[in-house]
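Student: Quick one: sequence and predicted model below, then my questions.
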Amino acid sequence: MNKKTLFFSLTAMLLSGLSYGQKHCYTDEVRKEILAAHPEILVREADLNKQINEALKHIDYSKLEKKTTTDQTGNEDFWYEIPIVVHIVHDYGAEYITDNSIFDAVKQWNIVYAKQNADTATVIAPFKKYIGNAHIRLHLATKDPMGNPTHGITRHRSYMATNGGDKAKLDDWSPSSYMNIWFINKFSGAHTGAAAYAYQPPTADAIPYYDGVISLYDYIVNDNTINHEIGHCFYLDHPWGNNNSAGAGACSDGGTDNVDDTPPTLGHNVTGCTAAALYDTTCAHNYFKIYPNVAGLDSLVNYPDTTNSENIMDYTYCSKMFTRGQVNRMHAALNSTVAGRNHLWNDTNLLYTGALAARPDLKPIPEFNCTYLAGSAPRLQMFTCPGTSLRFTNKTWNDTVSSLVWSFSNGASTPSTTISNPSFSSFVNNSFTDGGWVNITMKATGNNSGDTTVVFDKSVFVADPVATPAANIVEEFNPAENLAKWPMFNYYNNEFKWEASNVGFYDNHSIKYNGYDSRVNPTLGIYPPTGMPKGDYDDFFSVPVDLTSMASGNCNLNFFTSGASRSSNSLDISDTMIISYSVDKAKTWTTLKVLAKSDLLNKGAISTPYVPTTTTDWVGRTISIPAAARQNYVVFRFRYFPGDDHNGYEISTGNNFYMDRLSFSPYAAGVNDVTIGNLDAIVVPNPTNGNAYVVVKDAGNTTAEVTVSDIAGKVIYKVIQPIVGSETRIEIPQSYIQVQGIYMVQTTTGGLTKTQKLVVY
Ligand SMILES: [Zn+2]
């Protein structure tokens, strides 16, 4: 063998998918899981089996092998035209495959369903005459459920791309009109050995939004995986039935696929396409069937005495064929109302989905992802600092793009650039000089379809070029003040997110992590695939802080929190917040503190959406900042991971979490707020650049005294004011606090005294 031959042999082996660590189909595993929760599906299975057996009764198996093709109507030229939609559930990884690779894959699937795959010529002799032509054609829809033109492809960014399962089945299109096929990067937890799976019609009928195929993106044309899964959708079993794993059990355990021309087998895992695997007589020895005929002689069909290891429904990775009997079973399922299969291919539905129409010329959809130049996970949203380079990579789809024009605001190092014929790896690097949200414009010109311009104005946030002295920061998260400089990122655009809240520790403002998922109904048992907490995380970032004034001695990050869980089972509470800092302008991050559930959820279990109501609902947190972080430009990142259950059901168990009054100080949280007794008095707004007020609540006296001192201790303002009602506002006029800096405000009433820091800017 010369080198060239060797090379081609290796290539052929790789292309044939011959690898002993191959993943396989998890249809039987997920069926068992669903049945455990929904045993009533067994009734639907029995019902469909009855319908199918009735339909198959009319087929003369003794003649089946001699027919050129088969179908349900007697018309040998009839084809089942099936509208499909391909959903790419991605996090901008390798699973973000091109539209063209999807178009090519559909062609490949159809070649197999039309028995046009060249390797049918090499099927072992005993099965040549049993190869079935499925007469099924899959068509990417040209109309979406709203009637809008489409290429039958959707793309959805989700953390479930690498944590896939039924909840990753985003944007399902009505399964009685479209066969849904999702591609992801990785399956979650217990299903990590899966290449793909599908639900058969009885389960799909019970849970329509789980109907369809979900597969790893790299199995799109690997060993007929999608043909295999759609086989399940049309009610095919694995040839060994669904009782055991492939290769397990005994011939006598009754596992069957209810198809006569797939001889009995234990099934196969990947063994290589060896003679021993292809001529496996373990259960198929002397295999024949007698078909009673009331009108005359019974007929005996002597089927091959070896299993059909090259069957697409086996796991051998030598797959080449469906049998004629399997084709009949698929056709019977396609003629059943169960899971609306008979609706898929009817004329009305083919018009509704535009399945038989030519692919329309559609405009491109501009899209990109962003990474730190130093390397990071790709995201649509990114926090950066002036001068730190980001990489923007083109992900525009829906049309072949001839020209892509990119423009960036905020003093970008490359304010504008044009890329001809961009691919998914075309990129531009950029850094920025100006703080705030960057305005990013992409104009993509399609081949014939015109151009599309999209403005992304909340994707990249650049921190202030100048750091704020730590002593000046008392962040109350008030949108009317500088909250806009504390950017929040809901990376996956869902219900779990940071947001401004109108309740607070003192004032009516704080930052809230919305951890209460209002969509989950735990009594329902089935959760709509609208999102789950596992895998999600959301950030907010501080303004850049100058900590050099606290370079020596104590230096603390102080804030107040108030939080609850929804679940009362401590095993089911997993909320976590990781606080990190960067001293190199967001290029790298160092963990400062991991706050676990016991640190975050001081209010325990609360079944309704949690809202703090009194100051006693809050607790102070003090986190020591190490010397290495006390630099002149430090940014802090607060990353929240919403809670989920410990059983892997991917149920949201968290509730809302609030943070307020964030400051930096040599003292622990609370020391700035010296309270004697239980006086409820608060200075607002704080910081201020105008008047300030002391709001005194529920004071047990007729008057209150407010004394304002400067940082040196000199009294600069004093007032005594009557208390009126339950809440009294005492003004500190701007004219007394015009100089920027820190003031101490002391409030005394009825023998109670409270001293608070007031920041004027
Ligand atoms: Zn399977």
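Tutor: Nice, I can see it. Residues are numbered from 1 along each chain as shown.
Student: Below-threshold pLDDT in the stretch 451-600 of the chain: ranges please.
Tutor: For the stretch 451-600 of the chain, residues meeting the criterion pLDDT under 70 lie at 519-531.
Student: all strands for it, in order.
Tutor: If you assign secondary structure with DSSP state E, counting those that start in this stretch, the strands in the stretch 451-600 of the chain sit at 451-456, 460-462, 468-469, 474-475, 488-489, 497-501, 510-514, 538-541, 545-546, 556-565, 576-582, 590-595.
Student: Could you do the stretch 301-450 of the chain as well?
Tutor: Defined through DSSP E, counting those that start in this stretch, the strands belonging to the stretch 301-450 of the chain, from first to last, are 368-372, 382-384, 390-394, 401-408, 416-420, 427-430, 436-437, 440-446.
Student: Let's have these in a markdown table, adding mean neighbour count.
Tutor: The way it works is simple: take the backbone N, C-alpha and C, and place the C-beta from them, glycine included. What follows is these, written out as a markdown table (neighbours: other Cβ atoms under 10 Å):
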| stretch | mean neighbour count |
| --- | --- |
| strand 368-372 | 21 |
| strand 382-384 | 23 |
| strand 390-394 | 22 |
| strand 401-408 | 20 |
| strand 416-420 | 13 |
| strand 427-430 | 19 |
| strand 436-437 | 16 |
| strand 440-446 | 21 |
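Student: Tell me which of the strands of the stretch 451-600 of the chain lies nearest to His58.
Tutor: Ranking the strands of the stretch 451-600 of the chain by distance to His58, with Cβ to Cβ as the measure, places strand 451-456 first at 53.4 Å.
Student: Send over the closest one as PDB, restricted to the C-alpha atoms.
Tutor: What follows is strand 451-456 as a C-alpha-only set of coordinates in PDB (Å, rounded to 0.1, in the frame of the first residue of the first chain):
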ATOM      1  CA  ASP A 451     -29.200  44.800   2.000                       C
ATOM      2  CA  THR A 452     -30.100  44.900   5.700                       C
ATOM      3  CA  THR A 453     -28.800  47.300   8.300                       C
ATOM      4  CA  VAL A 454     -29.000  46.600  11.900                       C
ATOM      5  CA  VAL A 455     -27.900  48.800  14.800                       C
ATOM      6  CA  PHE A 456     -26.800  47.100  18.000                       C
END
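Student: Can you name the residue of the stretch 351-500 of the chain nearest to the ion?
Tutor: The ion sits closest to Ala355 of the stretch 351-500 of the chain, with a gap of 25.2 Å, by Cβ to the ion.
Student: Tell me which residues touch Ile82, please.
Tutor: The contact partners of Ile82, taken as Cβ atoms under 8 Å, 6 or more residues apart in numbering, are Ile136, Arg137, Leu138, His139, Met179, Leu344, Trp345, Ala355.
Student: Need the buried ones from those selected in PyMOL.
Tutor: Selecting the buried subset of those in PyMOL, with 16 or more other Cβ atoms under 10 Å as the burial test, is done by:
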select buried, resi 136+137+138+139+179+344+345+355
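Student: In helices, which of the contacts of Ile82 fall?
Tutor: When DSSP state H defines the helices, the subset of those inside them is Leu344.
Student: I'd like the contacts of Ile82 written out as JSON lines, with pLDDT added.
Tutor: What follows is these, written out as JSON lines (pLDDT from 0 to 100):
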{"residue": "Ile136", "pLDDT": "96"}
{"residue": "Arg137", "pLDDT": "97"}
{"residue": "Leu138", "pLDDT": "98"}
{"residue": "His139", "pLDDT": "98"}
{"residue": "Met179", "pLDDT": "98"}
{"residue": "Leu344", "pLDDT": "98"}
{"residue": "Trp345", "pLDDT": "97"}
{"residue": "Ala355", "pLDDT": "98"}
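Student: Columns distance to the ion and mean neighbour count on top of the strands of the stretch 451-600 of the chain, output as a markdown table?
Tutor: Formatted as a markdown table, the entries for these read as follows, by distance: least, Cβ to the ion, whole Å; neighbours: other Cβ atoms under 10 Å:
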| stretch | distance to the ion | mean neighbour count |
| --- | --- | --- |
| strand 451-456 | 40 | 16 |
| strand 460-462 | 44 | 26 |
| strand 468-469 | 59 | 16 |
| strand 474-475 | 55 | 22 |
| strand 488-489 | 39 | 20 |
| strand 497-501 | 38 | 18 |
| strand 510-514 | 39 | 25 |
| strand 538-541 | 37 | 22 |
| strand 545-546 | 56 | 22 |
| strand 556-565 | 39 | 25 |
| strand 576-582 | 37 | 19 |
| strand 590-595 | 41 | 15 |
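Student: Of those strands, give the one that comes closest to Arg329.
Tutor: Counting by Cβ to Cβ, Arg329 lies closest to strand 451-456 out of these; the figure is 45.3 Å.
Student: Parallel or antiparallel, list what pairs with that closest one.
Tutor: Partner strands for strand 451-456, per DSSP bridges, with pairing direction: strand 440-446 (antiparallel).
Student: Tell me which of the strands of the stretch 301-450 of the chain lies nearest to Asn100.
Tutor: Using Cβ to Cβ and comparing those, the one that lies nearest Asn100 is strand 401-408, at 12.1 Å.
Student: Just put the strands of the stretch 301-450 of the chain in TSV and tack on distance to the ion.
Tutor: What follows is those, written out as TSV (distance: least, Cβ to the ion, whole Å):
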stretch	distance to the ion
strand 368-372	33
strand 382-384	40
strand 390-394	35
strand 401-408	37
strand 416-420	42
strand 427-430	39
strand 436-437	48
strand 440-446	38
